[in-house]
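Visitor: Prediction below, plus the sequence it came from.
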Amino acid sequence: MEMDAPSKMILESAASHRDATTQTLAELIRVPAFSGTEEKRIRLIEKMCREAGAAEIEIDGLGSLRARVGSGPTQLAFDAHIDTVEVGDRAQWSDDPFGGIVRGGTIYGRGSSDQLGGAASMIAAIRMLTDLGYAGGCSVWFTFTVMEEDCDGLCWKYLIEEEKFVPDYVVSTEPTSLRLYRGHRGRMEIECSFSGVSCHGSAPERGVSAAYKASRAALAIERLNGELLPDDDKFLGMGTVTVSKMEAHGPSLCAVPDQAMLYLDRRLTWGETKESAVEQVKRAIGGDLADVRVPAYRKNSWTGLTYEQELYFPTWKIAADHPLVSGGRAAYMGLFGSEPVVDKWTFSTNGVAICGRHGIPVIGFGPGDESQAHAPNEVTRIDDLVRASAFYAALPYAVESIGSRR
């Protein structure tokens, strides 16, 4: 597929905006924003998008921001979630996590890779497309979404189902080390509750310990994890299941617990579903020994809106020869003169809602490394920011030849 993008002009523009893109990321890092508390960062992004030349800017009811360049019939969206996880053990950080410190071609801080680097490169692409006077066949949307770290895909479930924002194609700018990604495993959370009979701890034989039931179930989950199989084409890899939390309670610390709980993190490969995963757990631990359910997420956004969904996030992928993948390859080759590595994420993204739940084709291309996500001393490369911004500015030209899915 040939690309009609002015690649040389885009690369020159990306290079000329290098310092501005770096400064954008530094400023974003310096405004902390966790799930449900993103207003100050969203307001900063609103200001940045306006200064970059976006033709339309709006904030939805949940608090995510959309900015547009161009007005063509094909709707192409770039997505970056702008909330981050918290710092964790501050002693493990050598620099201020919210300092946005630039040093030696890298920039440090919470969210630098996951995933404010993608957001900074998107803002640079708005500026570049505006400078180029983009008036092609795409309406290019840049979505800066909220609450992803708490509940990936919730923001896009809201955009699609409540705001009726349904683009033709989406690019996730989560970190990919500048590789082109086309899917990842799904995930779900499962809660297993156990009941026992309490008695005084001096005579435990009089009771039935819910803690022991949960402990035996935890070992059964460990065995189940070793029995899970990969997908047929070995692209996404094996599903996994692990105990992520375990609790036991009784009337006192001198009593046999009559309540216990296991919380499971289940990663789903292609072909695995919510129903099949729950049934596996029931069989593994003994369905009559526990109440097994998929809990729901419910939280107020920074706008005050309460929104919820079941904690099930469907697996997704698109074919290696999908037109969107081909368009991504063409944009990359036109800019950088070589084939991109095509792969998948290990972790989960908003793609679970966009493609997994709603079938909208998604590819991934982002600055930074997946291994930096949620890690202390998080860092990303400034060169990645520049190359990613060039890709985001070039892709609309490649997507024009695909046309709308409608």
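Guide: Now that the structure is in, tell me what you want to look at. Numbering: from 1, shown residues only.
Visitor: Please make it C-alpha for all contacts and neighbour counts, starting now.
Guide: Will do.
Visitor: in the protein, which spans are helices?
Guide: Ranges of helices in the chain, per DSSP state H, are 7-16, 18-29, 39-52, 116-131, 154-161, 210-227, 274-285, 323-336, 351, 382-399.
Visitor: Dump those helices to TSV, plus mean neighbour count and mean pLDDT.
Guide: Listed next are the helices of the chain as TSV, based on neighbours: other C-alpha atoms under 10 Å; pLDDT from 0 to 100:
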stretch	mean neighbour count	mean pLDDT
helix 7-16	18	95
helix 18-29	21	98
helix 39-52	18	98
helix 116-131	28	98
helix 154-161	21	98
helix 210-227	18	97
helix 274-285	16	96
helix 323-336	22	96
helix 351	32	98
helix 382-399	26	97
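Visitor: so which of those helices gets nearest Arg182?
Guide: Judged by C-alpha to C-alpha, the one of those that comes nearest to Arg182 is helix 323-336, at 7.3 Å.
Visitor: circling back: and of the helices of the chain, who's closest to Arg187?
Guide: Ranking the helices of the chain by proximity to Arg187 (C-alpha to C-alpha) places helix 274-285 first, at 8.8 Å.
Visitor: Tell me which of the helices of the chain lies nearest to Thr315.
Guide: Thr315 lies closest, by C-alpha to C-alpha, to one member of these: helix 351, at 8.7 Å.
Visitor: now that closest one: how far from the chain's centre is it?
Guide: 7 Å (C-alpha atoms, centre = their mean, to the nearest Å).
Visitor: all strands for the stretch 151-300 of the chain, in order.
Guide: Counting by DSSP state E, counting those that start in this stretch, the stretch 151-300 of the chain has strands at residues 169-172, 180-181, 183-184, 186-195, 240-249, 259-268, 291-293, 296-300.
Visitor: before we move on, the earlier item: would you reformat the helices of the chain as TSV and include distance to Pro97?
Guide: Formatted as TSV, the helices of the chain follow (distance: least, C-alpha to C-alpha, whole Å):
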stretch	distance to Pro97
helix 7-16	27
helix 18-29	8
helix 39-52	16
helix 116-131	13
helix 154-161	25
helix 210-227	35
helix 274-285	37
helix 323-336	32
helix 351	27
helix 382-399	17
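Visitor: Quick check: which of these is nearest to Gly304?
Guide: helix 39-52 (10.9 Å).
Visitor: orientation of that closest one relative to helix 18-29 in degrees?
Guide: Counting by axes from the mean of the first three to the mean of the last three C-alpha atoms, to 10 degrees, helix 39-52 lies at 160 degrees to helix 18-29.
Visitor: My read is that Phe165 contacts Leu159, right?
Guide: Yes: at 5.5 Å, Phe165 counts as touching Leu159 under the criterion of C-alpha atoms under 8 Å.
Visitor: if we can go back for a sec, out of the strands of the stretch 151-300 of the chain, which comes closest to Ile360?
Guide: Each of these has some distance to Ile360 by C-alpha to C-alpha; the shortest is strand 169-172, at 6.2 Å.
Visitor: quick one: contacts of that closest one?
Guide: The contact list for strand 169-172, computed with C-alpha atoms under 8 Å, 6 or more residues apart in numbering, reads 75-80, 324, 349-351, 354, 360-366.
Visitor: and with 7 Å instead?
Guide: The list of residues contacting strand 169-172 from outside it, by C-alpha atoms under 7 Å, 6 or more residues apart in numbering, reads Gln75, Leu76, Ala77, Phe78, Asp79, Ala80, Ile360, Pro361, Val362, Ile363, Gly364, Phe365.
Visitor: Alright, I will stop here.
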